[in-house]
Every structure is written in C-alpha cells, then in structure tokens.
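Asker: Structure, please.
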Amino acid sequence: MILCSLRRKLVRGSRGQALVELALLIPVLLILLLGVFEFGRLFNAYMTVQHAAREGCRIGVLGATDAEIVAVVESNAVTLNPAELSIAITPPLESRTSGTIMTVTVNYNFRVLVPVISTLLGSGLPIRSALSMRVE
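Answerer: Sure, this is the predicted structure:
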C-alpha cells in the first residue's frame, strides 16, 4: 500500500520529464546524424577523386593524350561537381618516353551542405589525389 502510493507520487511528478529530455536530446542527435551524412559524402568524394586519378594515370602511361586523360578523369568523376574539379598532368606529352614517371593530380573542392557543420569546418574542404606511374 505504501509502495503503491509512493509510485503514484513519483509518476505524477515526472509527467513532463521525458518530454523535456527529448527536447534537449533531439538537437544533439540531429547534429550527429547530419555529421554522419556529411562524412559519408566527404568519403565518397575522396574515393571518387582517388579512383579518377588512378584511371587517368593508368590510361596516360599507355600513350593517351592529355585531352584523353582529362576525359577519362572527368568520366570517372561524374558524381562530383565539374566546376570544382581541376586536373594536372606532368610531364607534357612530348616528354613522356618509356621509363619516365607520369603524374596525374586531381584537386576537388568539397562543399559542405549542412550549415552547422560548415561553420565548424568552413564552406569547402580541399581533396587532392596525385598518382604516379612509370610510362610503358
């Protein structure tokens, strides 16, 4: 009997407690969820830039021109914004002889979409991948 009345008093006094706890926790969980979403986008962009540089370098060491290398890099980076993508190829086509090292560098400026995270990290994060292979 005494235990039941004590339980009723505790339940009456904590009606809004769960609602207040939820209201305090929702912003934290939302920021955490959006952070996971942005990290996934960033990781995808990094892997895409790395793959595009690898494919451009692979075709370049087989004798492709600079225009063909740029086309291959851009075709492998279709999920990225082409305005934020820059490609550098060294050495020039005339200097690529058998045994020389060729490097394809792909730079991409990743734009953060979530405003809360962009205030912490900045509006853009640079992603860079440089791959070198020996010309055949």
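Asker: Can you list the low-confidence ranges for the chain?
Answerer: Under the criterion pLDDT under 70, the flagged ranges of the chain are 1-15.
Asker: Tell me which stretches of it form strands.
Answerer: 85-90, 101-111, 124-134 (DSSP state E).
Asker: OK, contacts around the most centrally placed residue in the chain?
Answerer: Compute the mean C-alpha point of the chain, and by Cα atoms, centre = their mean the closest residue is Leu42, 1.2 Å away. Applying Cβ atoms under 8 Å, 6 or more residues apart in numbering to Leu42 gives the contacts 110, 125, 127. Backbone N, C-alpha and C define where each C-beta goes, glycine included.
Asker: out of the strands of the chain, which comes closest to Gly63?
Answerer: Taking Cβ to Cβ as the criterion, Gly63 comes closest to strand 101-111 out of the strands of the chain, the separation being 10.5 Å.
Asker: How far does that closest one sit from its chain's centre?
Answerer: Using Cα atoms, centre = their mean, to the nearest Å, we find the averaged C-alpha position of strand 101-111 to lie 14 Å away from the chain's own average C-alpha position.
Asker: Go through that strand and flag the buried ones.
Answerer: Along strand 101-111, these residues count as buried under the neighbour rule (16 or more other Cβ atoms under 10 Å): 102, 104-110.
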